[in-house]
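Student: output the structure for:
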Amino acid sequence: MTPNLTLVVVIGVLVAAGVYLMLERSLSRVLIGIILVGNGINLTFLVASGAAGGAPIVGMTDTDEMSDPLPQAMVLTAIVITLGMTAFLLALAYRSWQLHRHDEVQDDVEDRRIARIAAYDQAIYADMDTEDTVSDLDRDAAEARDETQSSDDDAEPVGAR
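Tutor: Residues are numbered from 1 along each chain as shown. A predicted model of the protein is given here:
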């Protein structure tokens with residue numbers, strides 16, 4: 001059995017558009033991307049399951065003409081999982097909208113603060129194996145400014161001494 005070319009193209013478009021949308025920062029776009037990928041995967045299961053057959057009930061249909069119920073069960077399970085992911089992402093997007101009036105995922109402020117504190121930290125011992133240069137991460141962390149920092153730029157963070 002050869003799959004229908006139209007279904008294969010639709011699967012490719014759904015999965016490609018879904019992956020593209022999942023790479024965005026907006027939670028609403030991520031949500032649409034997950035829905036598209038879920039539908040693309042469900043279509044893949046149905047196309048891969050083969051031609052439609054009779055009901056898989058012994059005595060009602062000849063065993064050679066029965067359809068395989070496993071792909072259908074897998075699609076039903078995937079629909080439930082996609083519904084759960086959709087509900088979770090909708091709750092995240094709604095909460096983000098309530099708190100910040102947008103649904104974009106920003107960089108973590110706490111990670112930047114810890115990186116900045118680590119940039120001020122001096123080594124306890126002299127490391128003879130490495131060169132005495134500042135890495136790009138240390139320079140970027142020292143230049144990072146976040147909401148937890150005080151208003152004057154020259155102040156050292158808490159715990160940097």
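Student: for the lengthiest helix in the chain, which positions count as buried?
Tutor: Scanning the chain for the helix with the most residues, using DSSP state H, yields helix 69-100. Going by neighbour count (16 or more other C-beta atoms under 10 Å), the buried part of helix 69-100 is Pro71, Val75, Ala78, Thr82, Met85, Leu89, Ala93, Ser96. C-beta: built from backbone N, CA, C; applies to glycine.
Student: list the buried ones in whichever helix or strand comes after that helix?
Tutor: Following helix 69-100 in sequence order, the next helix or strand is helix 109-120 (DSSP states H and E). Residues Arg112, Arg113, Ala115, Arg116, Ala119 are the ones in helix 109-120 that count as buried (16+ other C-beta under 10 Å).
Student: likewise for stretch 7-19?
Tutor: Ile11, Leu14, Val15, Gly18.
Student: what helices or strands is the helix or strand containing the first one leaning on?
Tutor: Under the assignment given by DSSP H and E, the secondary-structure element containing Ile11 is helix 5-22. Judged by 3 or more C-beta pairs under 8 Å, 6 or more residues apart in numbering; DSSP states H and E, helix 5-22 is in contact with helix 27-48.
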